[in-house]
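Participant: could you look at this predicted model? Sequence included:
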Amino acid sequence: MNSNLKISFVSRKPKFGMASIFLFSLIFLSWSAQGQQLETFIDEAVRNNPNIQAVEKQHAITSEKVWETSALPDTQFSGGYTLSKTEMPMMQQGEFSVMQMLPWFGTISARSKYASAMADVDFVEIEIAKRKVAMAVSQSYYRLYEIAKKQQVLDSNIQLLQVYEKLALTSVEVGQTSAVSVLRLQMRQNDLKERKLVLEQDYSAELTAINKIMNREEIVDISITDSLTIPDEEAEIDFSKLQLHPEITKFNELNEVVSQADILNKKESAPDFGIGMQYMFLNEAPNMLMPMATLSIPIFNKKYKSVTRQNKLKFEELEIQKQASQNLLMTQLQSAIKSRNAARISLETQNKNLKQAQHANEILLRNYETGTINFNEVLDVQELQLKIQINRIEAIAAYYLQNSIIQYLTVEN
């Protein structure tokens, strides 16, 4: 089965309209039922993984804050009434006033844009979380494949040793070999059975892991492909796509947050003004209605100047962090490519060795017909063949594990 995994993502920004669609459609070089099965696991994990749900809730909170920013300061009401009686003309008997403070022109809009920029940062975090979950499901799936194939290889080798044991018993009966050969073959079978039991534990643990990534309450068995093959050629990797990775584009959104914070700081350093009305009750005179206005000027504005300097430093910090993140992702990508290439080389070598080991095994079996079989050589060849088979499985699994990292780092939005 040729199943070169490719993950493609929809646009990152909610304003492009497709943000709610799953970001992962797994494209295999040949569309197989198994590839569709893995895609189903990833879709389920994206829907149900609690880490993604937590980030989505955080995005919902920051999105809700956009509405919060449009609120005006609390309206101030005050009133008073003189309880004692007085006959003094024009004496104020009571009053009632209302005052509404208003921010400077454009301040509310600046607050809204700042809150929206914060929400965009959290939206990028959702994409990062979804990509990581997709990679985790894929890698867990390939580890399950590796363990299952190792179990199959151990089963076939145990069966082969049982055949050799029967041959050895026959040779013992005719005096061509000693009973020690039979015992060594039996001990070898015991060793392989022990390794198989350990693999069963590993499989159970990995099965639990992939089910929990999908947030399943019960541990359900996973359908694993019977065969994975490495494609003959690799698609050329466009390293420039690394710049489109959400872990990098997140810094663009963070820069926008700081820009909006700086704009908001300038707006808040402007005066606030208020408008209101006061109604006064007077003795022996008509009551009075008096419009009022107030102006709040930040004369001591060191706070706002400090925030401006802080925002400038924040820009510089984000640029350094972005460069560090780019370097880290490039290092991870280069390392994954190197490890994937090494897995391909290892597989090619193991394929050659496996053919030679099988040929040696055929020679030993032909020697049995002539009565010259050496069961010490049989065990040596069998152990070598098993090692080659295990190495071959590990090379295929390593290839796909590294390929999932490459896909995580280079897929387009």
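Facilitator: Cool, got the structure. As the structure is a computational prediction, the values presented were derived from the model and not from experiment.

Participant: show me where this protein has helices.
Facilitator: 33-48, 50-68, 107-173, 179-213, 246-268, 302-369, 375-410 (DSSP state H).

Participant: those: lowest mean pLDDT?
Facilitator: The stretch with the lowest mean pLDDT among the helices of the chain is helix 33-48, at a mean of 83.

Participant: which helices and strands does that helix pack with?
Facilitator: In terms of contacts (3 or more Cβ pairs under 8 Å, 6 or more residues apart in numbering; DSSP states H and E), helix 33-48 is packed against strand 25-26, helix 107-173. (C-beta placed from N, C-alpha, C; glycine too.)

Participant: repeat the analysis, applying 6 Å as the threshold.
Facilitator: Secondary-structure packing of helix 33-48 (3 or more Cβ pairs under 6 Å, 6 or more residues apart in numbering; DSSP states H and E): helix 107-173.

Participant: can you give me the angle the helix it packs on makes with helix 179-213?
Facilitator: 160 degrees (axes from the mean of the first three to the mean of the last three Cα atoms, to 10 degrees).

Participant: how close does Ile388 get to Lys57?
Facilitator: As defined by Cβ to Cβ, to the nearest Å, Ile388 lies at a distance of 50 Å from Lys57.

Participant: do Leu207 as well
Facilitator: Separation of Leu207 from Lys57 (Cβ to Cβ): 29 Å.

Participant: more neighbours, those two?
Facilitator: Neighbours were counted for Leu207 and for Lys57 using other Cβ atoms under 10 Å; Leu207 has more, 18 against 11.

Participant: quick check: which of the helices of the chain is nearest to Ala235?
Facilitator: helix 375-410 (9.8 Å; Cβ to Cβ).

Participant: what residues sit buried inside that closest one?
Facilitator: Using 16 or more other Cβ atoms under 10 Å as the test for burial, helix 375-410 gives 375, 378-379, 381-382, 384-386, 388-410.

Participant: any idea what sits nearest the spatially most central residue of the chain, other than its immediate chain neighbours?
Facilitator: Ranked by distance to the mean C-alpha position of the chain (Cα atoms, centre = their mean), the top residue is Lys132 at 1.7 Å. Of all residues not flanking Lys132 in the chain, Tyr408 sits nearest, at 7.4 Å (Cβ to Cβ, 6 or more residues apart in numbering).

Participant: follow-up on the earlier one: how about the helices of the chain in CSV, adding distance to Thr229?
Facilitator: Formatted as CSV, those follow (distance: least, Cβ to Cβ, whole Å):
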stretch, distance to Thr229
helix 33-48, 12
helix 50-68, 32
helix 107-173, 12
helix 179-213, 22
helix 246-268, 31
helix 302-369, 9
helix 375-410, 8
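
Participant: between the ones you listed, which gets nearest to Met280?
Facilitator: helix 107-173 (32.3 Å).

Participant: which strands and helices sit next to the closest one?
Facilitator: Checking 3+ Cβ pairs under 6 Å, 6+ apart, helix 107-173 ends up next to helix 33-48, helix 50-68, helix 179-213, helix 246-268, helix 375-410.

Participant: tell me the angle of it relative to helix 246-268?
Facilitator: Using the same axes, to 10 degrees: helix 107-173 against helix 246-268 is 160 degrees.

Participant: just to revisit the earlier point, now render the helices and strands packed on helix 107-173 as CSV, adding distance to Gln93.
Facilitator: As requested, the helices and strands packed on helix 107-173 are exported to CSV (distance: least, Cβ to Cβ, whole Å):
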stretch, distance to Gln93
helix 33-48, 68
helix 50-68, 41
helix 179-213, 74
helix 246-268, 40
helix 375-410, 76
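
Participant: quick one: Asn341 and Ile230, what's the gap?
Facilitator: 11 Å.

Participant: neighbour-wise, which of these two wins?
Facilitator: Ile230 (18 against 13).

Participant: distance of the more buried one relative to Asn353?
Facilitator: For Ile230 relative to Asn353 (Cβ to Cβ), the value is 16 Å.

Participant: may I see the buried residues of stretch 288-302?
Facilitator: Buried residues in stretch 288-302 (16+ other Cβ under 10 Å): none.

Participant: sorry, slip of the keys, the one I care about is stretch 267-275.
Facilitator: Applying 16+ other Cβ under 10 Å to stretch 267-275 flags 267-268, 270, 272-274 as buried.

Participant: what do you get for stretch 109-124?
Facilitator: Under 16+ other Cβ under 10 Å, the buried positions of stretch 109-124 are 110-124.

Participant: next one: stretch 272-286
Facilitator: 272-274, 276, 278, 280-281.

Participant: what of stretch 202-209?
Facilitator: 203, 206-207, 209.

Participant: okay, and the beta partners of Glu95?
Facilitator: Gly80, Met280 (DSSP bridges).

Participant: wait, Leu295
Facilitator: Phe273.

Participant: for Ile363, see how far away it is.
Facilitator: 102 Å.

Participant: what do you get for Gln152?
Facilitator: 25 Å.

Participant: same deal with Phe123?
Facilitator: Applying Cβ to Cβ to Phe123 and Ile363 gives a distance of 64 Å.

Participant: just Thr75 next, same as before
Facilitator: In terms of Cβ to Cβ, Thr75 sits 98 Å off from Ile363.

Participant: Thr294 too?
Facilitator: From Thr294 to Ile363 the distance is 103 Å (Cβ to Cβ).

Participant: and what of Arg47?
Facilitator: 56 Å.

Participant: I appreciate the help and will end here.
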